[in-house]
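Trainee: Sharing a model prediction with you, sequence too.
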Protein chains: 2
Amino acid sequence: MLKLTKRFKLRYELNNQDFCNSFAKILIGKCYNTLLKIDLSVKNEILKYLSKYTTITRELENAIKENTFIKSFGKGTTLLSEGEISTECYFLLKGCIRSYIIENGEEKTIEFYTEEQVVTPSNYGKATPSNYYFECMENVIVSVGNPELEKETFQKHPQLDSLSRVIAEIIMAKNQDSFAKFKTSNPEERYLNMLKTRPELVQRVPQHQIASYLGVKPESLSRIRKRIISNK
Amino acid sequence: MLKLTKRFKLRYELNNQDFCNSFAKILIGKCYNTLLKIDLSVKNEILKYLSKYTTITRELENAIKENTFIKSFGKGTTLLSEGEISTECYFLLKGCIRSYIIENGEEKTIEFYTEEQVVTPSNYGKATPSNYYFECMENVIVSVGNPELEKETFQKHPQLDSLSRVIAEIIMAKNQDSFAKFKTSNPEERYLNMLKTRPELVQRVPQHQIASYLGVKPESLSRIRKRIISNK
DNA sequence: TCACTTCATTGACTAAAGTTAAGAAATTAT
DNA sequence: ATAATTTCTTAACTTTAGTCAATGAAGTGA
């Protein structure tokens, strides 16, 4: 039940599969048509995601087609640093992105983003500097948005305004639930919940980062794990 | 600096001022024009809030005019219970609403909403039952939304789609920041932060509810306060 | 105003998390 | 493959939070 094993194999696979390698460290650029020739699965990812929230009409498909840009970043890339203005947001197609702050010389992980999640720094599109760092934990493939592109897209395709609003509201509801869950749990319950809801993540990222993500020190998480194993 | 005094006076005032009494426990109903005659300040509240995010055009003003409904609830009213379907969301004009869960017979406060905040249960507009209770801590005046009204409004006034999306994104960014702050703080820091960012709230709600809101037991918050006072 | 209830504080004790330091294991780089 | 580095675990000890129980203060209702 509880998977407390090594993550070496999984991370190796994640960083070496064909799908990932075919894009690594290359800016692919404006894209949908190009992508079709390169890898159909990226198209499918985006449409699969959107089809959860709306009917994919011919018109919508065209809107997506015209306005989807794909970028790829190598493992370890810092997408945004503290103090910087954020001009990009991402839809994560492949890989893992971590946001964190540095406090008293110590990294504190705020969030891990994985496939099909939207990564929007809280200062995105604003003139204020970022409080957070965003870093690629693995080789990453994303669909990129920026304020100018958004503006253009929303003007050309007003139906996307409504879709975005709906998706924003859904994401917000999920965030609220996560926050509530966090507030009403202790560290052990948070870890157990994470094993249940995001088991693959536990294998993909180092444990000391999970610790701060759960609001405890690495030593405490180590003890929590020990406790869990011994208690059954 | 640290306001650790009694909250009786403040609560008394909040529940007795003219503004509040003029609406108390009355469903005012469809509204903007009527409201103008009853109390201009409600109109001003809504327009003031929206003017932060957009230019108030004649058209927008009309859209608001047609689609704003006001309701008033007495202190202690439960707006939504666990297990219920949520069919209303609110924009809080006056008063305080608390969301909480009951776990092992114990109430755990998730959020306190006050003036100018949007109250959207995470199951609002969905077929799933609520995980939370929403309760009025004081007499409350809200602008009410429901899915049918929203649909109608957005169809009639597509420009509101965009405004709503923008506001949703801003609220989401704020929520993310709050969550990050919570994760990276210990209980004492959370309390100090609350005194700084929402000092009036500390006076308006009982301390044991603040405790669970900060993720600790009432006894611990009591000790934290003691520590803070003695440490300066 | 008095009785009743809820809420806040305190104390004694237990459990869990933070701190510091050391060493083992895993991962990465050469 | 080996060395260097990072990550994880363990231990001893300190600090803080949880638990249970008692008491006093504040708030509520008759």
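Mentor: Received the coordinates, thanks.
Trainee: looking at chain A, which helix or strand does the model trust least?
Mentor: Lowest by mean pLDDT, DSSP states H and E among the helices and strands of chain A is strand A:29-30, with a mean of 34.
Trainee: tell me which residues in stretch A:59-72 are buried?
Mentor: The neighbour-count check on stretch A:59-72 (16 or more other CB atoms under 10 Å in any protein chain shown) flags A:Leu60, A:Ala63, A:Ile64, A:Asn67, A:Thr68, A:Phe69, A:Ile70, A:Lys71, A:Ser72 as buried. Yep, even glycine has a C-beta here, placed from its N, CA and C like the rest.
Trainee: Return the distance of the first one relative to A:Ser51.
Mentor: For A:Leu60, the distance to A:Ser51 (CB to CB, to the nearest Å) stands at 10 Å.
Trainee: The last one now?
Mentor: Computed with CB to CB, the distance linking A:Ser72 and A:Ser51 is 24 Å.
Trainee: Just confirm yes or no for the longest helix seen in chain A near chain B.
Mentor: Selection of the longest helix in chain A by residue count, based on DSSP state H, yields helix A:159-183. Yes - for helix A:159-183, a contact with chain B is found by CB under 8 Å from any CB of the partner chain, at A:161-162, A:164-165, A:168-169, A:171-180, A:182-183.
Trainee: mind listing the helices in chain A by residue range?
Mentor: Going by DSSP H, chain A shows helices at A:8-16, A:18-21, A:32-38, A:40-51, A:58-67, A:147-156, A:159-183, A:187-197, A:199-204, A:207-213, A:218-230.
Trainee: Export these as CSV, with columns for distance to B:Ile228.
Mentor: Shown next, in CSV, are these (distance: least, CB to CB, whole Å):
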stretch, distance to B:Ile228
helix A:8-16, 44
helix A:18-21, 50
helix A:32-38, 56
helix A:40-51, 47
helix A:58-67, 52
helix A:147-156, 42
helix A:159-183, 21
helix A:187-197, 24
helix A:199-204, 37
helix A:207-213, 25
helix A:218-230, 24
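Trainee: will you turn those into a markdown table that also has distance to DNA strand D and mean pLDDT?
Mentor: A markdown table is the format used below for the helices of chain A (distance: least, CB to the nearest atom of the strand, whole Å; pLDDT from 0 to 100):
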| stretch | distance to DNA strand D | mean pLDDT |
| --- | --- | --- |
| helix A:8-16 | 11 | 43 |
| helix A:18-21 | 21 | 38 |
| helix A:32-38 | 32 | 38 |
| helix A:40-51 | 29 | 68 |
| helix A:58-67 | 37 | 75 |
| helix A:147-156 | 34 | 87 |
| helix A:159-183 | 11 | 91 |
| helix A:187-197 | 10 | 97 |
| helix A:199-204 | 10 | 93 |
| helix A:207-213 | 3 | 98 |
| helix A:218-230 | 4 | 96 |
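Trainee: Nearest to B:Cys89, out of the ones you listed?
Mentor: When those are compared by CB to CB, helix A:159-183 sits nearest B:Cys89, at 9.8 Å.
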